[in-house]
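K.L.:
Sequence plus predicted model, see below.
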Amino acid sequence: MKVLMFGWEFPPKIYGGLAVASYGITKGLSLQGDVETTFCLPKPTGEEEKFLNIINMSQVPIAWRDANYDAIKDRMIGHTAEDYFRFRDHIYADFNYMQGLDDLGCMQFAGGYPGNLHDEINNFSIIAGVLARSEQFDLIHAHDWLTYPAGVHAKMVSGKPLCIHVHATDFDRSRGKVNPTVYSIEKNGMDHADCIMCVSELTRQTVINQYHQDPNKCVAMHNAVYPLSQEYLDIPETRRPEEKVVTYLGRITMQKGPEYFLEAAKRVLDRTHNIRFCFAGSGDMMNAMIDLAANYGIADRCHFPGFQRGKQVYECYKRSDVFVMPSVSEPFGIAPLEAMQCGCPSIISKQSGCGEILDNVIKVDYWDIDAMADAMYSLCTNDSLWKQLSEEGIKEVDRITWEKVGLRIRECYNQLCGRGWFNNGEYLNAVKDIR
Amino acid sequence: MKTICLYFEIHQPVHLKRYRFFDIGTDHYYYDDYENERAITETAERSYIPSLKAMLEMTQTYGKYFKVAFSLSGVAIELLEDYAPEVIELLQDLSKTGCVEFLAEPYSHGLSSIANEDVFKEEVQRQCKKITELFGQTPKVLRNSSLIYSDEIGNLAGMMGFNGMIAEGAKHVLGWKSPHFVYSCAHNPNVSLLLRDYKLSDDISLRFSDSSWSEYPLMSDRYADWIAQLPQDEQVVNLFMELCALGIFQPLSSNILDFFKALPAACKERGIEFATPSEIIGKTKAVAAMDMPEYVSWNDEERDTSCWLGNHMQREAFHKLYQEAGRILACQDRRIKQDWDRIQASNNFRFMTTKPSSVNMYRSFYDSPYDAFTNYMNILGDFIKRVQDLFPIEVENDELNALYTTIHNQGVDIEIYEKEISSLRARLAKLEPKAAPEKKAAPAKKEPTVKKPAPKKEPAKPVPAPKKAAPAKKAEPVKKEAPKKEVATKAVPAKKAPAKKAPAKIAPAKKAEPKK
């Protein structure tokens, strides 16, 4: 089975959770052996793992140029010069009028999330038309709203089933005040899709209710985590019984609900003295939070170490006694799973998608700061609860693997390729043994 | 002739309220009154009242042929008294028919039998007293909370004067043996054991209205047939269940009560009898001793204590709760005693279970086992703080236990002196025939109110025993403790005797405490 996949991020270049999820999904699929994935990226680094075919969208021509094989073969990152010439044979319209074409007739992408994002999305979709004409595939899979137009275009050209993967919706990012342009792109993508994979039931409900999609073509496809590498496993646990650390880790922004964490922290600190609160991350609300902490007179107990990257994240988990994710709306949220891998019990909001597949976490409403404070206090004072959640949490999270996610996605693919349409009820029946 | 032994448990826990850690030290009321009232009235209306009325009817129809046994936990009695006194009245009516036996059980429906012998004894005695007050019969057979049983508990029951216990006929313990015989405790041959037939009991309490069950719909004729067709020598069929089974687990609309009412007639036709546990124990000899070294209960598939003490959290809560048992036994604060009964209830631990089989379990208002644990530990935190405030923190638990033993022993002493006094008085009365009528009457009736004042003053003077030299101040707690301890164990265990002297030396320090 050949899958044409559109994505915006892929490791080693990581901007957010999307890269990790894209990697996990493709890896999970590749483990089945008979799924061949072609992954289209705006700007790959050339250092991606080789278990899939990477297509560099910055080097797919949309205007004919007389290129010399020997001259370009070393310039290619991602796909090869042979691929370039094949793509060149499938240019479907004259795009010479477009600004920014280079000497190979390609559009350059900045990568990441630049200011002219909407232009890039449009260019991405134009290039997808070339790919859809030159490649052979059974199915199209588009990740996140940036690539939906490309997916829809490829479907129009090839007539193959389209599967889109909703990693987040604009309703999550904006607390309900959606950007109409983004909404229209998302809605258009969903309307054309044959199967909508949502990272949680929570997101699935948003898609059904806010984007008015048929529940039968929406499926909750929960993410997973990769086992920790030896390097991270070897990080020593530096928790100290005499002083507990409660950690918030993530962007400090409205969507993540940092103010609820701070309010709960205040309640705990009113009653105790041996607990510290760590706000790891950066974001637009960071200064407001520092200000608020000072206002409450708990600044000496609240620490703001800033953005954590790579290994630092895991060091942070291994130093913390409690991890808190008070998100107001979190489509999935992979951080608690990572914390649990490090043996750090988590408190998450009920508005987080990952809560649907986790039992060994404490779930509270994001606005219920009393419950949140109570849970923090309980984890810091009752060792048995801590131990229970820590030990059982590791066991639980070890059972959540990308391999199983790959099997579930495969089930969707089989339905789509077999008969061209998708039914969630039948899917649920088919995958009930994958646990 | 085959005999059916019917037994129903009546227990409702006192529901705890949402209690946050910042309430610790400021709020000492732990209960959700609304939920308690709602739950108990609902249970009474849907289950207890209709089924007890049905039984009353049955005793009228069948006379002394129909027999049944009940046990009520103390906390449930309190709830019923407050919110559904009709249930108590119905039970009293039933008790008058002579067809009903009441069993003893721990007052709190807690796990004290696993944790602390003294607490357990005290609880059972308190419940027996309550039963005697309400129904005018003293329980002779013990049933532990959720039928928790082990050899040690059986032995303990024997020491407390019970001649029988009821327990679960768990398959992993019985093996090839049948529950349809009377067994005896392995550590104490004087204690007979009645083992629950879980198959026949669950047919009624779990499966009766299940339309996917192969035996559905179950009729009393067929049920009586099953019992009649048991092998010839298997004589006793123990059907033990919660009273909630009639009306709640099996809704009234399933006609469970009609089934139940028709059962005696069906049994009579087939020559099957009914009997209460004491009657069976009285007339049937135990066939063999039953070894049960591990705890067995009637809960879950495992039939053990794992649903209360299966994980770290439950065990920590359990240990924290019983750590302070000594102090609580020694204290006289009524509110603390009442809270102690209520928070001990095993239901509170059940809410914390993380067993996979508990997925769709009823968890009260708790979101998860962790939520239940957090709430319980907050309450326990406050409770323990109150208990510790009663006695200065410097007093070690050992010391306190010693003190408790002293009080206990003095209670026993006082009892002896009282007897002496009454006999002396009787003698005196003979010498002075004039005052005889009043004075003889008092000791004979054993009326504590009349008796108390007398021993209080007198032992202080005439008893020059060395350890009693100081009790001028101490007299107060001793007095109060005394009447309770009268009922308590007659003989003080030998090992406790030496402890008597030790606390006497450091006595002055402690003297002041109880007054605080």
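P.N.:
On my side now, so go ahead. Everything quoted here is computed from the prediction, not taken from an experiment. Numbering: from 1, shown residues only, chains lettered A, B, ... in the order given.
K.L.:
remind me which residues of the stretch 401-516 of chain B are low pLDDT?
P.N.:
Scanning the stretch 401-516 of chain B for pLDDT under 70 picks out B:433-516.
K.L.:
any idea of the pLDDT on the residue of the stretch 151-300 of chain A found nearest chain B?
P.N.:
At 5.7 Å from chain B, residue A:271 is the closest residue in the stretch 151-300 of chain A, using Cβ to the nearest Cβ. Every C-beta, even on glycine, is put in place using the N, C-alpha and C of the backbone. You'll see residue A:271 listed with a pLDDT of 88.
K.L.:
State the distance from residue A:433 to residue B:164.
P.N.:
From residue A:433 over to residue B:164 the distance is 49 Å, taken as Cβ to Cβ, to the nearest Å.
K.L.:
re earlier: the residue of the stretch 151-300 of chain A closest to chain B: how many residues sit nearby?
P.N.:
14 (other Cβ atoms under 10 Å in any protein chain shown).
K.L.:
And what about the residue nearest to it when sequence neighbours are not counted, helix, strand or coil?
P.N.:
In space, and not counting its chain neighbours, residue A:271 is closest to residue B:22: 5.7 Å by Cβ to Cβ, 6 or more residues apart in numbering or on different chains. Following DSSP: H, G, I helix; E, B strand; the rest coil, the label given to residue B:22 is helix.
K.L.:
burial count for residue B:22?
P.N.:
17.
K.L.:
Touching, it and residue A:272? I think so.
P.N.:
No: between residue B:22 and residue A:272 there is no contact under Cβ atoms under 8 Å: 10.1 Å.
K.L.:
Closest residue of the stretch 201-350 of chain B to chain A?
P.N.:
In the stretch 201-350 of chain B, no residue comes nearer to chain A than residue B:316, which is 3.5 Å away by Cβ to the nearest Cβ.
K.L.:
so that residue is in which element?
P.N.:
Following DSSP states H and E, one finds residue B:316 within helix B:312-323.
K.L.:
What residues of that helix count as buried?
P.N.:
By 16 or more other Cβ atoms under 10 Å in any protein chain shown, the buried positions in helix B:312-323 come out as B:312, B:313, B:314, B:315, B:316, B:317, B:318, B:320, B:321, B:322.
K.L.:
repeat for stretch B:342-360
P.N.:
Buried residues in stretch B:342-360, counted by 16+ other Cβ under 10 Å: B:342-354, B:358.
K.L.:
tell me which element residue A:172 is part of?
P.N.:
Using DSSP H and E, residue A:172 falls in helix A:170-174.
K.L.:
tell me the average confidence for that helix?
P.N.:
Mean predicted lDDT for helix A:170-174 stands at 86.
K.L.:
From the contact counts, what lies against that helix?
P.N.:
helix A:180-192, helix A:201-210 (3 or more Cβ pairs under 8 Å, 6 or more residues apart in numbering or on different chains; DSSP states H and E).
K.L.:
cutoff 7 Å now
P.N.:
For helix A:170-174, the elements it packs on are helix A:180-192, judged by 3 or more Cβ pairs under 7 Å, 6 or more residues apart in numbering or on different chains; DSSP states H and E.
K.L.:
For the helix it packs on, which outside residues touch it?
P.N.:
A:118, A:142, A:145, A:148-149, A:151-152, A:155, A:162, A:164, A:169-170, A:196, A:207, A:211, A:213 (Cβ atoms under 7 Å, 6 or more residues apart in numbering or on different chains).
K.L.:
Tell me how far it lies from the chain's centre.
P.N.:
19 Å (Cα atoms, centre = their mean, to the nearest Å).
K.L.:
Which SSE is immediately downstream of it?
P.N.:
Next element after helix A:180-192 (DSSP H and E): strand A:195-198.
K.L.:
ok so, going back, which one of residue A:433 and residue B:164 is surrounded by more residues?
P.N.:
It is residue B:164, of residue A:433 and residue B:164, that has more neighbours when counted by other Cβ under 10 Å, with 26 against 7.
K.L.:
Please verify my assumption that that one contacts residue B:281.
P.N.:
Yes: counting by Cβ atoms under 7 Å, residue B:164 sits close enough to residue B:281 to count as a contact (4.1 Å).
K.L.:
how about the residues of chain B near chain A?
P.N.:
Residues of chain B lying close to chain A by Cβ under 7 Å from any Cβ of the partner chain are B:20-22, B:311-313, B:315-316, B:367-368, B:370, B:373-374, B:377.
K.L.:
Surely residue A:400 and residue A:356 touch.
P.N.:
No: between residue A:400 and residue A:356 there is no contact under Cβ under 7 Å: 11.3 Å.
K.L.:
Among the two, which residue is more densely surrounded?
P.N.:
residue A:400 (19 against 16).
K.L.:
Check the secondary structure at the more buried one for me.
P.N.:
Applying three-state DSSP: residue A:400 is coil.
K.L.:
give the contact list for it.
P.N.:
Contact analysis of residue A:400 by Cβ under 7 Å, 6+ apart lists A:224, A:225, A:337, A:357.
K.L.:
Narrow these to those that are buried.
P.N.:
Applying 16+ other Cβ under 10 Å to the contacts of residue A:400, the neighbour count classes A:224, A:225, A:337, A:357 as buried.
K.L.:
could you dump these to JSON lines with pLDDT, secondary structure and distance to residue A:60?
P.N.:
Below are these laid out as JSON lines (pLDDT from 0 to 100; DSSP: H, G, I helix; E, B strand; the rest coil; distance: Cβ to Cβ, whole Å):
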{"residue": "A:224", "pLDDT": "93", "secondary structure": "coil", "distance to residue A:60": "31"}
{"residue": "A:225", "pLDDT": "91", "secondary structure": "coil", "distance to residue A:60": "33"}
{"residue": "A:337", "pLDDT": "94", "secondary structure": "helix", "distance to residue A:60": "35"}
{"residue": "A:357", "pLDDT": "93", "secondary structure": "helix", "distance to residue A:60": "37"}
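K.L.:
Those: which two are farthest apart?
P.N.:
Taking Cβ to Cβ as the measure, these span a maximum distance of 10.9 Å, between A:225 and A:357.
K.L.:
wait, residue A:306 sits on residue A:282?
P.N.:
Yes: the pair residue A:306 and residue A:282 passes the contact test of Cβ under 7 Å, sitting 5.6 Å apart.
K.L.:
before we move on, what SS does the nearest residue to the residue of the stretch 201-350 of chain B closest to chain A once chain neighbours are set aside have?
P.N.:
Once flanking residues are discounted, residue B:316 sits nearest to residue A:384: 3.5 Å by Cβ to Cβ, 6+ apart. When classified by three-state DSSP, residue A:384 comes out as helix.
K.L.:
Kindly report the same for residue A:288.
P.N.:
Counting by three-state DSSP, the backbone at residue A:288 sits in helix.
K.L.:
Retrieve the pLDDT associated with the residue nearest to it when sequence neighbours are not counted.
P.N.:
Nearest non-adjacent residue to residue A:288, counting by Cβ to Cβ, 6+ apart: residue A:259, 8.0 Å away. pLDDT, residue A:259: 93.
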